[in-house]
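Peer 1: what would the 3D arrangement of this be:
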Amino acid sequence: MINRDDLVAEQLLRENIRRAIRIVQEKRDKEEGVVRSIVRNLLSEGTTVKYEYTSLNQLAHFIKEAVGDPAKPDSNPAFKDAYTDLTSSHEDRETFVEFTLDFADEDFKTIDSDREPTPLGQDFVEKGFVEDEEEEEDPEEDQLVKVSIEDLEDSGGDLTFQPDDNEDNEGEDIFSIGEDGEIIEDDEESSGIRRFSREAYKRIGPVLRRYYLNVPRDAPLKKAVSIGDKEYASGELSERDLFKIYFKKNMILWSERYEDEFFSDGPDVNVDIDSDEEVEVEEIPTGEELGNEKKEDNVTSALDQFLE
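Peer 2: Here you go, the predicted model:
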């Protein structure tokens, strides 16, 4: 007949052994996770990634140089530097990204039409993509104005009647034109972000232009591709089209990445996997205390086998 004290002691022994095994297993899992992380980093550092199309390789170079490089988290490229400077509001950062995309789109159009891009100096910061057309004033040309019978009758049938050009413009509001051609209201706040965005693009633009110019202009993709929910047949997209599509995607992705990294409201969670914190474990009774030395040997042997 088994003694009640021996039974309780044996149950306590089993529980403590299970707890010891669990602690050892958790420690092994943490160490294995660290090793896997190190291996992944080493592999990523030692692996050269090349994409199927030249345009994407050029875009990847631009992203790493001007936007962000996962292999160099401590670097501070131009886009990251500007984005993280806008700490006042999320709306300011969104506006900055929109302006950057607009500026890039203007550069793409200019380069695609074989025109010289706008110099990114102080004039660009002050005026944006505005051509100095005022200096090259064309001589005024006569405009053809079609006069209806009603207008002629209103003038008493006078064939020398000159209609007033200002009549149709009365009461119309005057708006300013945005970088991408949109009609916008030029308020003081957006004007400040616009100027900030132009200043930042002075550093981003030259890098973008350099890599975009490396992409062949007339080079259609030779096979069908699927991007998002849209299918493109062979020859429907060019290398430069591919560059522009993934440029926008990556700028948005990196904006979201920096938003989560620097402006997330969630609590910081720090896990110290090398912590020396001691885990309290109840003392395992000896065989002598249990009065059963054979049981201790069997359990110890099982634990040693697990740890091997």
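Peer 1: tell me where this protein has strands.
Peer 2: 176-177, 183-184, 225-227, 230-232 (DSSP state E).
Peer 1: mean confidence (pLDDT) on the last one, please.
Peer 2: Meaning strand 230-232. Mean per-residue pLDDT for strand 230-232: 93.
Peer 1: check which helices and strands it sits against.
Peer 2: strand 225-227 (3 or more CB pairs under 8 Å, 6 or more residues apart in numbering; DSSP states H and E). Where C-beta positions appear, they are placed from N, C-alpha and C, glycine not excepted.
Peer 1: tell me the strands beside the strand it packs on, with direction?
Peer 2: strand 230-232 (antiparallel) (DSSP bridges).
Peer 1: mind listing what's buried in the strand it pairs with?
Peer 2: Neighbour-count burial for strand 230-232, with 16 or more other CB atoms under 10 Å as criterion, is recorded at residue 232.
Peer 1: find the least confident helix or strand in the chain, judged by mean pLDDT.
Peer 2: Ranked by mean pLDDT, DSSP states H and E, the weakest helix or strand in the chain is strand 176-177, scoring a mean of 39.
Peer 1: give me the neighbour count for residue 123.
Peer 2: Neighbourhood size, residue 123 [other CB atoms under 10 Å]: 12.
Peer 1: domains for the chain, by residue range?
Peer 2: 1-47, 52-130+174-265 (automatic domain parsing).
Peer 1: weakest of these in terms of mean pLDDT?
Peer 2: Of all the domains of the chain, domain 1-47 has the smallest average pLDDT, which comes to a mean of 76.
Peer 1: tell me the helices in the chain, going along the chain?
Peer 2: Here the chain has its helices, by DSSP state H, at 4-46, 54-62, 78-85, 90-112, 122-127, 149-154, 188-213, 239-263, 287-290, 293-307.
Peer 1: for residue 233, find the nearest of those.
Peer 2: Nearest to residue 233 among the helices of the chain is helix 239-263; the distance by CB to CB comes to 12.7 Å.
Peer 1: now that closest one and helix 188-213, what's the angle there?
Peer 2: 130 degrees (axes from the mean of the first three to the mean of the last three CA atoms, to 10 degrees).
Peer 1: who's in contact with helix 239-263?
Peer 2: Residues from elsewhere that reach helix 239-263 (CB atoms under 8 Å, 6 or more residues apart in numbering): 53-56, 58-59, 62-63, 67-68, 79-80, 83-84, 87, 90, 93, 97, 100-101, 104-105, 108, 112, 208, 212, 215-217, 219-221, 225, 227, 237.
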